[in-house]
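K.L.:
sequence first, then the predicted structure:
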Amino acid sequence: MAFTQRHLLGIAPLSVEEIELLLDTADGYVEVNRRSDKKLALLRGLTQINLFFESSTRTRTSFELAGKRLGADVVNMSVATSSIKKGETLIDTAMTLNAMHPDVLVVRHPDSGAVALLARHVRCAVINGGDGSHEHPTQALLDALTIRRRKGRIAGLVVAICGDVLHSRVARSNILLLTRLGARVRLVGPPTLVPGGFRALGVEIFHDLRSGLRGADIVMMLRLQRERMQGSFVPSLREYFALYGLTRRVLEEAAPEALIMHPGPMNRGVEIDGVVADDIHRSAILDQVEMGVAVRMACLDLLTRPLRGEA
Ligand code: ASP
């Protein structure tokens, strides 16, 4: 099956077959990343620019490693020292970069829709590295790969996504992907952060953590995205942890082999207790980071196939 998408702007435009192709391709790259010689020549001669308008640890580093391991020339543009700080518009920045003939642009931006707008003004493939509270497709793909490898399947699993769903692009991309692959998705959090409107996406909503976790196979915790909040959505961090923090005790409600996930960065003592996050038997948080490089290699590989004369 050929991957016909020109860009990767979100999970929404992808078919089940395209998601599975991305996951299968990424699966192969997991093994490459565990070898001592990780360097391939697949993207030799191609240029990848990482353009991050928002801070990032995992996403930017793993896109850089992914591009380099596939043999591309990778350039990281730091917004702090670029002309964006001098008032250049997003579209002018896009057209400037386009004139340098990159083959792939990886873009993260604080505004929902900004990456899609930028994609309309460049000729190369654009990958969304997270736009506002809209989508973060590679995160959902790496989460799916983590679940598939640890649990052997996605269909039929009960996945509880807990915390600040309202402001989370990770939640949105995961809801789209996991429901599409047949998981039963629950959203768990206070009504201010998990509004009823999400039901339209085919999920169940719980405002009580214990009930939401009951029998869950996957427990995915989310950070409070305070940089996207105007005013306060929770009375206090201490109260939030008491009601919605994942502790060993509350985790007993979940299925006995339930897997704990978190996209990072984690706020220990706010949405998750450090002891739970560090539990090597239950926590898949570092697996997620490992899968992130493989998934990003798969995205770069599939999106550049037409350039390399492959279907
Ligand atoms: N790293 C994820 C993101 O960029 C989650 C987070 O920031 O809380 O959306």
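P.N.:
Thanks, I have it.

K.L.:
my read: residue 41 touches residue 68, true?
P.N.:
No. Shown here, residue 41 and residue 68 do not form a contact pair, counting by Cβ atoms under 8 Å, at 11.7 Å. In this view, the C-beta of every residue, glycine as well, is placed from N, C-alpha and C.

K.L.:
more neighbours: these two, which one.
P.N.:
Each of residue 41 and residue 68 has its neighbours counted (other Cβ atoms under 10 Å); residue 68 has more, 15 against 9.

K.L.:
my guess is the more buried one contacts residue 74, does it?
P.N.:
Yes. Assessed by Cβ under 8 Å, residue 68 is found in contact with residue 74 at 5.5 Å.

K.L.:
gap between the two ends of stretch 198-215?
P.N.:
21 Å (Cα to Cα, to the nearest Å).

K.L.:
nope, stretch 206-215 is what I was after
P.N.:
Start and end residues of stretch 206-215 are separated by 13 Å (Cα to Cα).

K.L.:
can you list contacts of it?
P.N.:
Residues outside stretch 206-215 that contact it (Cβ atoms under 8 Å, 6 or more residues apart in numbering) are 158, 160, 162, 186-191, 194, 219, 243-244, 246, 250-251, 253-255, 258.

K.L.:
where do the strands of the chain begin and end?
P.N.:
Using DSSP state E, the strands assigned to the chain run over residues 47-52, 73-78, 104-109, 125-131, 158-162, 184-188, 204-206, 218-221, 259-261.

K.L.:
which secondary structure elements does the longest one contact?
P.N.:
Using 3 or more Cβ pairs under 8 Å, 6 or more residues apart in numbering; DSSP states H and E as the contact criterion, the secondary-structure elements in contact with strand 125-131 are helix 58-69, strand 104-109, helix 114-119, helix 137-151, helix 285-304.

K.L.:
the longest one vs strand 125-131, what angle?
P.N.:
Following axes from the mean of the first three to the mean of the last three Cα atoms, to 10 degrees, one obtains 150 degrees for the angle between helix 285-304 and strand 125-131.

K.L.:
just the mean pLDDT for helix 285-304, thanks.
P.N.:
If you average the pLDDT over helix 285-304, you get 98.

K.L.:
quick check: bridge partners of the nearest residue to residue 75 once chain neighbours are set aside?
P.N.:
In space, and not counting its chain neighbours, residue 75 is closest to residue 49: 4.9 Å by Cβ to Cβ, 6 or more residues apart in numbering. Under DSSP bridges, the beta-bridge partners of residue 49 are residue 75, residue 105.

K.L.:
please name the nearest non-neighbouring residue to the residue in the chain that the ligand sits nearest to.
P.N.:
Relative to the ligand, the nearest point of the chain is residue 223 (3.8 Å; Cβ to the nearest ligand atom). Nearest residue to residue 223 in three dimensions, chain neighbours excluded: residue 267, at 5.5 Å (Cβ to Cβ, 6+ apart).

K.L.:
again with residue 110
P.N.:
Closest residue to residue 110 apart from its sequence neighbours, by Cβ to Cβ, 6+ apart: residue 54 at 5.0 Å.

K.L.:
residues in contact with that neighbour?
P.N.:
By Cβ under 8 Å, 6+ apart, the contact set of residue 54 is 108-110, 130.

K.L.:
filter the residues you listed down to the ones near the ligand?
P.N.:
Among the contacts of residue 54, the residues lying close to the ligand (Cβ under 6 Å from any ligand atom) are residue 130.

K.L.:
out of the contacts of residue 54, which is nearest to residue 10?
P.N.:
Lowest distance from residue 10 to the contacts of residue 54 (Cβ to Cβ) belongs to residue 130, with 10.5 Å.
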